[in-house]
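In: model this:
(one chain, ligands or ions: 1)
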Amino acid sequence: MKYGPVFTIYLGSLRVVVLYGQEAVKEALIDQGDEFSGRGKLALADKLIKGAGIIFSNGERWKQLRRFALTTLRNFGMGKKSVEERIQEEARFLVERLRNTHEKVHEEIDRVVGRSRSPCMADRSQMPYTDAVIHEVQRTANIVPMGVPHAVTRDTHFRHYIIPKGTTIFPALQSVLHDSREFPKSEQFNPGHFLDENGAFKKSDFFIPFSAGKRICVGEGLARMELFLLLTTILQNFTLKPLVDPKDINITLVTSFVSNAPKPYQLCVLPR
Ligand code: HEM
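Out: Next comes the predicted model:
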C-alpha cells in the first residue's frame, strides 16, 4: 500500500494523524518542534502510568522532568568516562559469566582493540564496520516502529493541513528507517547502508530510532554507549553460533503495545 506523507487513521474513536517518510517527520519534529512537542494519549499508558514520569507528561511538568533527567544523566556521566567505565565493568562481568555476528567485526576488534584490554568509546571511530553493524541492527530491528505518540500543543498549520490542538500524532519512524531512497533493499540486513565506497562510516539523516526534535530520547547517548561496549566486549571474547543455519532464523519482529521485539532463539556462545 502507498501512503501519503500525512494521513489520518482512527484507533477506535481516537483520530490520529500519521507522519510518514523522512520529510514529513523531520518537518514536524524538528522544523516545527515546539508545536509537535506534546505527548499523545495511549489508553493503556493512561491506565498504567496515569501521566506520571517524563514519557507521558506534558507542558511545564514535562519540561521540568526532562531538564531534571538530562541534568541527572549528565551528572551521572551519560556519554562520559565514568559511565563508560561502568559499562565496561558490566561487559567484563558478562564475559566472566559466559566465556560471528560476522568475521569482519571480529577482525576489526582484533585489529583495533586486541585481546588484552576492554574496548572503549575512543575505539569506535576506528571501527566503521562495527559501528555500521550496530546502526543496521537498530535500523532493521527498530524497537519503536510508530514512535511514541506526540500531540500538537496548539492549532498547527502543517503543510496544507490545520491540525487542531491536542491531536495525537504518530511519527512513523519505521517509514524513515526503511526509506528505500536512502537504504536500497531496505528490508535486508546490510551494514553497507552505513558505509561509503571506501569503507568509512557514513552518517544518515534517516537514522532516527531515537526519534528527533524536542522529545528525542533522553537516553540516546547512554544507549549508544551500551550497545557499542557490550557488543564489542562480547565479540572480543566469543563467537556466537546459531544452532540452525542463520538464513533459517525467523527474524520477524513481534509487535506488542507500541514496541517491537525479536523472537527468542538459541545460540551457542563459544570462547574464542
Ligand atoms: C536502544 C535503546 C533506546 C531506544 C531505541 C529508545 C527510543 C526512544 C524513542 C523512539 C522515544 C520517543 C521519542 C519521541 O517522543 O519522539 C524515547 C523516549 C524516551 N527515552 Fe528512549 N530509547 C532507548 C533507550 C533509552 C534509555 C537507556 C533511557 C534512559 C536512560 C531512555 C529514556 C527515554 C525517555 C525519558 C524518553 C521520553 C522523552 C520525553 O518524552 O521527553 N531511553 N526513546
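
In: How about the residues of the stretch 151-272 of the chain by the ligand?
Out: With Cβ under 6 Å from any ligand atom as the criterion, the stretch 151-272 of the chain meets the ligand at residues 209-211, 215-219, 222-223. Using the backbone N, CA and C atoms, a C-beta is placed for each residue, glycine as well.

In: Closest one of these to the ligand?
Out: residue 219 (2.1 Å; Cβ to the nearest ligand atom).

In: Can you get me a residue count around that closest one?
Out: 14 (other Cβ atoms under 10 Å).

In: can you give me the helices for the stretch 51-200 of the chain?
Out: Counting by DSSP state H, counting those that start in this stretch, the stretch 51-200 of the chain has helices at residues 59-76, 81-98, 103-112, 128-140, 173-177.

In: Worst mean pLDDT among those helices?
Out: Lowest mean pLDDT within those: helix 81-98, at a mean of 70.

In: and residue 210, what is it in contact with?
Out: Residue 210 makes contact with 216-217, 220, 223, according to Cβ atoms under 8 Å, 6 or more residues apart in numbering.

In: Return the most buried member of the helices of the stretch 51-200 of the chain.
Out: Mean neighbour count (mean count of other Cβ atoms under 10 Å) peaks for helix 173-177 among the helices of the stretch 51-200 of the chain, with a mean of 23.

In: Let me see the contact set for residue 205.
Out: Residue 205 neighbours (Cβ under 8 Å, 6+ apart): 22, 26.

In: repeat that with 7 Å
Out: residue 22 (Cβ atoms under 7 Å, 6 or more residues apart in numbering).

In: what's across from the nearest residue to residue 159 once chain neighbours are set aside in the sheet?
Out: Using Cβ to Cβ, 6 or more residues apart in numbering and skipping residues adjacent in sequence, the residue nearest residue 159 is residue 6, 6.1 Å away. Beta-bridge pairing of residue 6 under DSSP bridges involves residue 19.

In: burial count for residue 6?
Out: 19.

In: now it: how far from residue 13?
Out: Per Cβ to Cβ, to the nearest Å, residue 6 is found 21 Å from residue 13.

In: Quick check: phi and psi at residue 253.
Out: Here is the backbone geometry of residue 253 (degrees, to the nearest 10): phi -80, psi 150.

In: Now that we have the residues of the stretch 151-272 of the chain next to the ligand, which of them are buried?
Out: Buried members of those, scored by 16 or more other Cβ atoms under 10 Å, are 209-211, 215, 217-218, 222.

In: I'd like the residues you listed written out as JSON lines, with secondary structure added.
Out: JSON lines is the format used below for those (DSSP: H, G, I helix; E, B strand; the rest coil):
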{"residue": "209", "secondary structure": "coil"}
{"residue": "210", "secondary structure": "coil"}
{"residue": "211", "secondary structure": "coil"}
{"residue": "215", "secondary structure": "helix"}
{"residue": "217", "secondary structure": "coil"}
{"residue": "218", "secondary structure": "coil"}
{"residue": "222", "secondary structure": "helix"}
